[in-house]
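1. Got a predicted model here, sequence first, then my questions.
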There are 2 protein chains.
Amino acid sequence: MIVKKIINNPDNIVSDTIEGFVKAYEDKIEKLPNSNVVIRKNMEKGKVSVIIGNGSGHEPACIGFVGENMLTANAYGGVFAAPSPDTLYDAIEASENGKGVCVLISNHAGDVINSKMAIDMADDDDILCKGVILYDDIASAPKGEEIERRGTAGTLFNYKITSSYAADGHDLEEVAKMAEKVRDNTRTLTVATVPGTSPITGYKMFEIADDEIEIGMGVHGEAAAHTMKIGTAEEIAKVMCKKLIEDKPYEKGDEVAVLVNGCGQTTYMELLIFYNEVEKILSEAGIKTYKPAIGNYITTQEMGGIALAFCKLDEEMKKQWSKTTDAPGFHI
Amino acid sequence: MIVKKIINNPDNIVSDTIEGFVKAYEDKIEKLPNSNVVIRKNMEKGKVSVIIGNGSGHEPACIGFVGENMLTANAYGGVFAAPSPDTLYDAIEASENGKGVCVLISNHAGDVINSKMAIDMADDDDILCKGVILYDDIASAPKGEEIERRGTAGTLFNYKITSSYAADGHDLEEVAKMAEKVRDNTRTLTVATVPGTSPITGYKMFEIADDEIEIGMGVHGEAAAHTMKIGTAEEIAKVMCKKLIEDKPYEKGDEVAVLVNGCGQTTYMELLIFYNEVEKILSEAGIKTYKPAIGNYITTQEMGGIALAFCKLDEEMKKQWSKTTDAPGFHI
C-alpha cells in the first residue's frame, strides 16, 4: 500500500490544508486562533450569518464556500469526521453579527449530534441560533422518509442560495425557512465509477468491479442502491434523471438549477458531456434549466463519478443562485 | 481494457463536450455554426482579440477560459491534437473586432505549424493578426534554449493577463509585447504521480512505478526529466521550487503569482497543502506571492500530479491578473 498523495504527515492534513487555504486567500479569509474554523474577514454588520461544519476530505467543500454571498464560516473537522461541538460553537460565536446564526447541517449522524450540541451551547449563551438539517440523496431512504436521507452534493444549493438570501438582510426565521425551501426542492443521486483513497490510511475506501458503476453511492462510499454495467453517458443520465424526476417529482414547466458535481477524478470533459445529456432529457420533459453548476464542488478524494442534483427555483431563488460571490471554491 | 469514463461514442467526444459547454453557458458563449470554435457573445467593439487553439482533453483549458477579460475565442482540436489551420482561421476571422487578433500558441509542433498557417491565411485576407509562441516548461529544454521548451500550465498566466490587458484597449503590437513579457517571466515544472487514461483508446497514457513520481512530465505524458521516490509535499515542493527559482532566476524582492495546477485527480486538499509549502519556501527566499491560482485549470485527463508555475509581476500585470472574469473555467 503506497499513498500516492502529495501530503506531509497524515496527522497534519487538516492543519496543513487550512494553513494553505488561509495563506492563499488572506485578503478575505482568516482562521480563528485556537479553533479549526475558517471565517470571512470584513463582514457586514447586522446580517444573519450562515455556517456549516463538516468533515474534511471533500474539498473545496466547505472551506471553499466561505465568502461574500456564501457561508460566513466553516467549522472544519477531521478527515471524513464531523467537527467537535466546541469547534462548531466557536464558528457560531465568531459568526454572530447582530442578527443570529443559521447552522446548516448535512444529515450525517456526527454532524447532526455535534451541531445540535453546539446550538444548545449557543442558546445557553443567549446567541440567537437555528439549525436546519439538509437531506437530498434519494438513494439513501425511500420517498416519504425524506428526513432519513443523507446530505450529499445537492446541499451546495443551500450554501449559495440561503447564504445569499441572508446577505439581503432577512431575519433568522426567514433565512431558516429559505434553507428548508431549498432543501425541499432539491434531489441528488450519485454515480461512482472508481473509489477514492483515504489520505489517512492510504487504502481505497471501497471496491467497484471493473465493468460496473454504482448508482446511489454516498459521499463516503456508503452502500449504493443499484449496481449497473458501465454504459454511455446518455444511458447513465437517463437512469439518473428518471429517478430524480420521479422522486420530487419535477414537472413540466418547472425551472431547475442543475448541479453536475465531479466527485474527484472525473474530468471536466465528462461533466460537460454528461450535462449535455441531462439537459436533453430535461428539455424533452418540458423542464427548463437555469445556470448550471458544473465542476468539482463536493468531492470524495479522487473518487470517480458524478453527483447529479436538481433544485427547483422560483424568482427569489434564481436571484440568489446567480448573485456573484468571491468564495474561492464556487463559480457557476 | 475498460474505459471507466462517462462518455458516449469516443468519436463524438469533442462535439459532445462543446455541445454541453455551449448549452451550459449559452448566455455568454456560442459555437461557430460549422467549425469547432467557441467564442464570446456580446463582444465590445474596437478591442484586440486574443485567441488560442489547442487539443481537447485538457479541460477546462482552453474552452473554459473564453470570457470577459480572458480569451475571445478558442479553436478546439481533437483529443490531444491541434485544431486544423481552417479551424484556427475561423477563430481568427470570427474574433476580429476592429483592432486585430493576437494568437497565443502553446509550443507543441502541431499547434505551431497550424497556427502559423492560419495566420498566413488571415494575412492574405488582410486581417491584422500576430502570433506569440508560449513556452514555460523548464524540464523540456535547458536554460539558454528557452524557445525549445514546451508550453504547459504556466500559459494560463498569458490567457488571463494578456487578454485582460487587451480589453483595456491597447493595440495589437502592445498586446503581443505583453504576451512576450508574461511568457518571459513565467516558469513551470510538473510532478506526475499517476497516469491519465486516453478517452479514445481507454488505455493509460504512460506508466509510473508505484513508489515513484516523475518531475518534469509534459501535459501529454512526455518524458520526465527526473524520477524520484515519492516524498512529502514539503520535499517535493523544495525540489520543484529550487529548480524554478534557479532557472529564471526569481530573486529576493520579486513578486510572483503562483499557479498550483491540479493535473486531474489530485485533490484540492493536496493542492492547498502543496501551496502552503511553496509559500513558505518563497517567503524564506524573500519572494512575495500575489493572488495564487489553485485548482484544476489545465489537466491531462485524470492524471495525478501538480504543475507548479511562477510568473513575476509588475503593477500592470498585477492589475490584469486580478481583474474579474466570467470565464467558466477560471477563478482565483
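-> Ah, there it is. Numbering: from 1, shown residues only, chains lettered A, B, ... in the order given.

2. residue boundaries of the helices in the stretch 151-300 of chain A?
-> Assigned by DSSP state H, counting those that start in this stretch, the helices in the stretch 151-300 of chain A fall at A:155-167, A:172-184, A:233-247, A:268-284.

3. who touches A:E279 in this structure?
-> Residues near A:E279 by Cβ atoms under 8 Å, 6 or more residues apart in numbering or on different chains: A:258, A:289, A:292, B:20, B:23-24. For glycine as for every other residue, the C-beta is placed from the backbone atoms N, C-alpha and C.

4. ok, and the most crowded of those?
-> B:G20 (27 neighbours; other Cβ atoms under 10 Å in any protein chain shown).

5. per-residue pLDDT, that residue?
-> pLDDT for B:G20: 98.

6. Could you double-check that it lies in contact with A:L272?
-> Yes. Counting by Cβ atoms under 8 Å, B:G20 does reach A:L272; the two are 3.6 Å apart.

7. Quick check: neighbours shared by those two?
-> Residues touching both B:G20 and A:L272 (Cβ under 8 Å, 6+ apart): A:I294.

8. Can you give me the neighbour number for whichever residue of the stretch 51-200 of chain A sits closest to chain B?
-> Nearest residue of the stretch 51-200 of chain A to chain B: A:E59, at 3.9 Å (Cβ to the nearest Cβ). By other Cβ under 10 Å, 24 other residues sit near A:E59.

9. Leaving out chain neighbours, which residue sits closest to it?
-> With sequence-adjacent residues excluded and distances taken as Cβ to Cβ, 6 or more residues apart in numbering or on different chains, A:E59 is closest to B:Y268, at 3.9 Å.

10. can you pull the contacts of that neighbour?
-> Under the criterion of Cβ under 8 Å, 6+ apart, the neighbours of B:Y268 are A:59-60, A:64, A:296, A:299, A:329, B:262, B:294-295.

11. now do A:Y76
-> A:14, A:18, A:36-38, A:53-54, A:56, A:63, A:83, A:87 are the contacts of A:Y76 under Cβ under 8 Å, 6+ apart.

12. can I get those in JSON lines with secondary structure and distance to chain B?
-> As requested, these are exported to JSON lines (DSSP: H, G, I helix; E, B strand; the rest coil; distance: Cβ to the nearest Cβ, whole Å):
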{"residue": "A:V14", "secondary structure": "helix", "distance to chain B": "9"}
{"residue": "A:I18", "secondary structure": "helix", "distance to chain B": "8"}
{"residue": "A:N36", "secondary structure": "coil", "distance to chain B": "14"}
{"residue": "A:V37", "secondary structure": "strand", "distance to chain B": "16"}
{"residue": "A:V38", "secondary structure": "strand", "distance to chain B": "11"}
{"residue": "A:G53", "secondary structure": "strand", "distance to chain B": "17"}
{"residue": "A:N54", "secondary structure": "strand", "distance to chain B": "13"}
{"residue": "A:S56", "secondary structure": "strand", "distance to chain B": "7"}
{"residue": "A:I63", "secondary structure": "helix", "distance to chain B": "9"}
{"residue": "A:P83", "secondary structure": "coil", "distance to chain B": "16"}
{"residue": "A:T87", "secondary structure": "helix", "distance to chain B": "18"}
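
13. Next, the buried residues of stretch A:105-120.
-> A:105-108, A:110-112, A:114-116, A:118-119 (16 or more other Cβ atoms under 10 Å in any protein chain shown).

14. The residue of the stretch 1-150 of chain A found nearest chain B is in what secondary structure piece?
-> Nearest to chain B in the stretch 1-150 of chain A, going by Cβ to the nearest Cβ, is A:G20, at a distance of 3.4 Å. Assigning secondary structure by DSSP states H and E places A:G20 in helix A:13-24.
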